[in-house]
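Novice: here is my input, please return the structure:
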Amino acid sequence: MEDVGNTVLVTGGSGFLGGWCVAELLRRGHSVRTTVRNPSREAEVRMRVRSLASAGGESASADLSANSDERLTVLAADLLDDAGWGQAVDGCDHVLHVASPFPLVQPKDPDELILPAREGTLRVLRAALRAGAQRVVVTSSVAAVGGSAKASGRRLDESDWTDLGDPTLTPYARSKTIAERAAWDLVEEMGETERLAVVNPGAILGPVFSEERSPSLEVVQRLLSGMPGTPRIGFNLVDVRDVADLQIRAMSDPKAAGQRLVAVRSFEWMADVAKVLREQLGEEAAKVPKRAIPDLLVRAMGLFDPGVRSVTSQIGRKQEYTSARAEELLGWAPRPIEETIADCARSMLDSAACHEPNSRRRAEGRRGHGCGHSRPEDPECRGDWHEKRPVMALVACLARSLRA
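Specialist: As a prediction, this is how the structure comes out:
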């Protein structure tokens with residue numbers, strides 16, 4: 001049973017998932033603290049949380065209470081610096097650690113991702129445990145469960161771990177695996193395993209609250225905008241509202257103590273997503289492609305473009321996961337993925353935000369990290385699936401090729 005009126009810290013509350021976690025906690029009557037690197041972003045964070053009330057129809061925040069703004073505190077803290085974390089966690093009953101760096105372009109040096117992800121997670125976890133937080137919920141990824149390029153041939157669960165010895169791992173998959181391993185090692189050394197829970201979501205979609213886009217959201221946006229076709233690439237999808245709900249269940253339910261929890265609704269090929277858009281949106285999905293991009297064309301382009309080359313191993317790869325533990329242990333019931341895709345698309349269309357990224361964002365994207373923030377240097381986000389940037393590079397290259 002969830003206690004009402006707790007004080008909960010959410011790291012990365014300005015990001016897509018973090019924002020929904022903040023809004024849902026406020027809706028349920030909790031007091032919430034969230035962290036930003038730059039204190040000047042407080043007004044932006046508050047505005048985004050309020051905007052969730054109209055971002056998705058019967059969305060989690062549709063009935064935010066009148067005093068919710070008073071129950072939200074925005075604090076400055078950096079994952080790469082000890083300063084501010086003592087104040088952030090002081091007096092908190094629970095901590096949802098959502099923030100983590102994610103690059104649009106995978107770095108040549110994996111340590112650019114590994115060190116911030118690992119040290120940031122340990123910094124927040126140590127501070128929270130020292131301050132007496134009852135439960136810390138760390139947001140990891142299915143990239144830490146089955147991040148290898150080769151599909152296993154079975155549905156993976158929480159007992160599975162990404163093999164760090166696999167040379168095909170992306171820096172992101174490696175960083176998420178190392179960071180999560182480090183978190184479990186720390187609580188085991190401290191004898192505090194039951195104070196940690198980890199949620200491992202797949203690719204997160206759902207109603208948006210700004211024009212900024214994570215790469216997972218950008219897939220839907222580009223389909224709506226008329227990309228030339230769909231490569232045979234698939235994703236394990238889940239609704240952002242359902243992930244936020246699972247985070248809160250994991251923080252408050254005693255049965256979640258010491259548990260990993262995979263959060264995936266279903267595996268869908270990109271062509272399946274396009275089909276749902278056409279069926280659910282009708283004329284509004286007029287630009288959504290119906291034709292497939294041949295595998296051979298993708299592989300041929302990979303000979304000349306490193307971004308495309310890095311995604312060729314994902315062509316036709318179908319790696320599924322099971323969320324049975326979250327469903328059976330905590331009563332988690334994710335909504336149909338068709339609803340998720342449709343709500344995501346409608347929110348983009350309703351906000352008149354379905355357009356190609358402008359030149360400024362494209363320039364920022366070359367040095368950004370995929371959280372959808374207007375400030376690419378911010379680490380207050382987390383990525384939803386480990387093959388994001390190659391997918392978007394593929395889309396861009398295919399568009400140039402087929403429109404020539």
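Novice: check which helix or strand the residue nearest to residue 268 when sequence neighbours are not counted maps to.
Specialist: Counting by CB to CB, 6 or more residues apart in numbering, residue 237 is the residue found nearest to residue 268 once chain neighbours are left out, at 5.5 Å. Glycine gets a C-beta too; all of them are placed from N, C-alpha and C. Per DSSP states H and E: residue 237 is located in strand 234-239.
Novice: show me where the protein has strands.
Specialist: Ranges of strands in the chain, per DSSP state E, are 7-11, 31-36, 72-76, 94-97, 135-139, 196-201, 203-205, 234-239, 260-263, 266-269.
Novice: quick check, pLDDT for residue 47.
Specialist: With respect to pLDDT, residue 47 has a value of 86.
Novice: burial check on residue 317, number of neighbours?
Specialist: Counted with other CB atoms under 10 Å, the neighbours of residue 317 add up to 14.
Novice: let me see the contact set for it.
Specialist: By CB atoms under 8 Å, 6 or more residues apart in numbering, the contact set of residue 317 is 149, 150, 151, 233, 234.
Novice: one step back: the strand holding residue 237 pairs with which strands, parallel or anti?
Specialist: Applying DSSP bridges to the sheet, strand 234-239 is found paired with strand 203-205 (parallel), strand 266-269 (antiparallel).
Novice: quick one: closest of these to residue 190.
Specialist: Proximity to residue 190 (CB to CB) singles out strand 203-205 among those, at 30.3 Å.
Novice: just the residues contacting the closest one, thanks.
Specialist: For strand 203-205, the surrounding residues in contact (CB under 8 Å, 6+ apart) are 16-17, 214, 216-217, 220, 235-240, 243, 340-341, 344, 384-385.
Novice: how far off centre is that strand?
Specialist: Its chain's average C-alpha position is 6 Å from that of strand 203-205, according to CA atoms, centre = their mean, to the nearest Å.
Novice: averaged pLDDT, that strand. What do you get?
Specialist: Rounded mean pLDDT across strand 203-205 is 95.
Novice: same question, stretch 266-278
Specialist: Averaging pLDDT along stretch 266-278 gives 97.
Novice: now what about it, what contacts it?
Specialist: Residues outside stretch 266-278 that contact it (CB under 8 Å, 6+ apart): 219-220, 223-224, 230-237, 285, 288-290, 292, 318-321, 337-338, 341-342, 345.
Novice: show me which of these are buried.
Specialist: Buried members of the contacts of stretch 266-278, scored by 16 or more other CB atoms under 10 Å, are 219-220, 223-224, 230-237, 285, 288-289, 319-321, 337-338, 341-342, 345.
Novice: before we move on, the earlier item: between the strands of the chain, which one is closest to residue 302.
Specialist: Proximity to residue 302 (CB to CB) singles out strand 234-239 among these, at 18.0 Å.
Novice: which of the strands paired with strand 234-239 is buried the deepest?
Specialist: Most buried of the strands paired with strand 234-239 by mean neighbour count (mean count of other CB atoms under 10 Å) is strand 203-205; its value is a mean of 27.
Novice: rewinding a little: in JSON lines: the strands paired with strand 234-239, plus distance to residue 257.
Specialist: JSON lines is the format used below for the strands paired with strand 234-239 (distance: least, CB to CB, whole Å):
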{"stretch": "strand 203-205", "distance to residue 257": "25"}
{"stretch": "strand 266-269", "distance to residue 257": "28"}
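Novice: of all the ones you listed, which lies closest to residue 159?
Specialist: That would be strand 266-269 among the strands paired with strand 234-239, by CB to CB, at 19.0 Å.
Novice: helices along the stretch 51-200 of the chain, start to end?
Specialist: Using DSSP state H, counting those that start in this stretch, the helices found in the stretch 51-200 of the chain span residues 85-89, 111-130, 143-146, 171-190.
Novice: helices or strands up against the first one?
Specialist: Meaning helix 85-89. Secondary-structure packing of helix 85-89 (3 or more CB pairs under 8 Å, 6 or more residues apart in numbering; DSSP states H and E): helix 111-130.
Novice: kindly report the same for the last one.
Specialist: Using 3+ CB pairs under 8 Å, 6+ apart as the contact criterion, the neighbours of helix 171-190 among helices and strands are helix 111-130, helix 143-146, strand 196-201.
Novice: want to throw the ones you listed into JSON lines with mean neighbour count?
Specialist: Converted to JSON lines, the helices and strands packed on helix 171-190 look like this (neighbours: other CB atoms under 10 Å):
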{"stretch": "helix 111-130", "mean neighbour count": "20"}
{"stretch": "helix 143-146", "mean neighbour count": "25"}
{"stretch": "strand 196-201", "mean neighbour count": "27"}
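Novice: those: lowest mean pLDDT?
Specialist: Mean pLDDT per stretch puts helix 111-130 lowest among the helices and strands packed on helix 171-190, at a mean of 91.
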